[in-house]
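Enquirer: Turn this into a structure:
(one chain, ligands or ions: 1)
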Amino acid sequence: MDGKSAVSLEVVLDRCRHGPGQQPNILQTLLAVQEALGHVPFNVVGEIARGLEVTEADVAGVLSYYPDLRTHLSGRHLIRICMGESCVANHCSRVLRELRDQLRVDVGETTPGNRFTLEKVYCVGNCAVSPTVIIDDELYGRMIPSQVASLLDQYR
Ligand code: FES
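Expert: Here you go, the predicted model:
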């Protein structure tokens, strides 16, 4: 880890430290670390555990449980396709197939040059206009496969 990341992690852990008699909030801390570093690398699990006074297994368990927590840096643009119930019912798998074809990567992978990372999520509260694709913080509803190429062009 470089010096800059170490300082950032230290600051984040300091901010997330629990007071006397309070329970440590592992999830909130991991989200804060991800916000600061862009991901939660496995090599900081020990430092987080020590900062929160919990075991490394506690931290690793939360880290592996929540799909929103990333252990690897994503590309410049993070594309998430919703695979929740409503999106599945509205054929998100066809949109996913088109995304894979256009990007030439599978879920969890990043395109060469680090432009796009493709991930799945499970319901982002946009069910009324599913299927949903999220690029960075922008939601796109009622996606159909034929819209995928022009949507990606906006981020190329
Ligand atoms: S199931 Fe996809 S937004 Fe709710």
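Enquirer: Could you report the separation of the nearest residue to Leu63 once chain neighbours are set aside from the ligand?
Expert: Closest residue to Leu63 in three dimensions, ignoring its sequence neighbours and counting by C-beta to C-beta, 6 or more residues apart in numbering: Leu69, at 5.4 Å. Placement of C-beta: from N, CA and C, glycine included. From Leu69 across to the ligand, the span is 19 Å (C-beta to the nearest ligand atom, to the nearest Å).
Enquirer: Name all residues that make contact with Leu69.
Expert: Shown here is Leu69, whose contacts under the criterion C-beta atoms under 8 Å, 6 or more residues apart in numbering are 30-31, 34, 40, 62-63.
Enquirer: Report the secondary structure state of it.
Expert: Put simply, Leu69 is coil when judged by DSSP: H, G, I helix; E, B strand; the rest coil.
Enquirer: Quick check, pLDDT for it.
Expert: We note a pLDDT of 89 for Leu69 in this prediction.
Enquirer: Could you do Phe42 as well?
Expert: The per-residue pLDDT reported for Phe42 equals 92.
Enquirer: That one is in contact with Ser64, isn't it?
Expert: No. Applying C-beta atoms under 8 Å as the test, Phe42 and Ser64 come out as separate, 10.0 Å apart.
Enquirer: Can you tell me the closest non-neighbouring residue to the spatially most central residue of the chain?
Expert: For the chain, the residue sitting closest to the mean C-alpha position, by C-alpha atoms, centre = their mean, is Asp68 at 4.0 Å. With C-beta to C-beta, 6+ apart as the measure, Val121 is the residue that lies nearest to Asp68, at 7.2 Å, once sequence neighbours are left out.
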